[in-house]
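In: This is a predicted model, with the sequence first.
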Amino acid sequence: MSDNPIFERAMRFLSALRHCQVLGLHVHSASQDGMTITLPYSPQIVGNPQTGVIHGGAITSLMDTACGMATLCVLPEFEVCPTLDLRIDYMHPAEPHKDVYGFAQCYRVTTDVIFTRGFAYQDDPQQPIAHVVGTFMRMGKGIKGTKGFGGSITGGQQ
């Protein structure tokens with residue numbers, strides 16, 4: 001058990017999502033200030049084989065996951081929070097053969113909706129590949145049919 005329960009919960013969350021496993025996503029950092037997820041470069045996510053540039057869909061998945069997981073940073077207990085809306089503004093293509101990092105944070109939490117923002121980058125967070133804003137619906141912690149999933153995220157504690 002680490003000294004960072006948010007990081008541990010985030011690692012369990014990622015391990016429960018099949019698309020995250022397929023993409024090879026892993027938690028880079030997690031705190032009350034936000035979440036950073038790593039998308040490792042691989043030939044399977046290349047959109048243009050001639051240039052080696054990563055497909056935008058892989059970056060969209062990274063950023064949707066980072067924003068959704070940022071809810072883990074602000075909620076005291078795990079809640080199901082599906083994506084309501086996600087907007088991504090691409091600044092420039094990712095450089096081939098380099099990992100991409102997705103940072104997201106929650107900037108407003110209401111009883112029904114969580115508002116997030118973030119960015120994707122490679123070497124320098126000051127040179128983002130993309131900016132993202134997203135909203136996530138709070139459906140509560142006791143949603144029927146999700147007990148096993150929620151338990152796997154919380155380490156068996158609901």
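Out: Nice, thanks for sending it over.
In: center of this protein, which residue is that?
Out: Centroid-nearest residue in the chain, with C-alpha atoms, centre = their mean: residue 66, separated by 1.6 Å.
In: which SS state does it fall under?
Out: Reduced to three states with DSSP: H, G, I helix; E, B strand; the rest coil, the structure at residue 66 is helix.
In: just the helices in the chain please.
Out: Counting by DSSP state H, the segments of the chain that form helices are 5-15, 18-23, 56-74, 147-154.
In: Check the residue nearest to the centre of the chain and give its pLDDT.
Out: Residue 66 carries a pLDDT value of 97.
In: Among the helices of the chain, which comes closest to residue 46?
Out: helix 56-74 (8.8 Å; C-beta to C-beta). C-beta here means a position set from N, CA and C on the backbone, and glycine is covered the same way.
In: In that closest one, which residues are buried?
Out: 58-74 (16 or more other C-beta atoms under 10 Å).
In: just checking, the residue nearest to the centre of the chain touches residue 30?
Out: No. Using C-beta atoms under 8 Å, residue 66 and residue 30 do not qualify as a contacting pair, with a distance of 10.2 Å.
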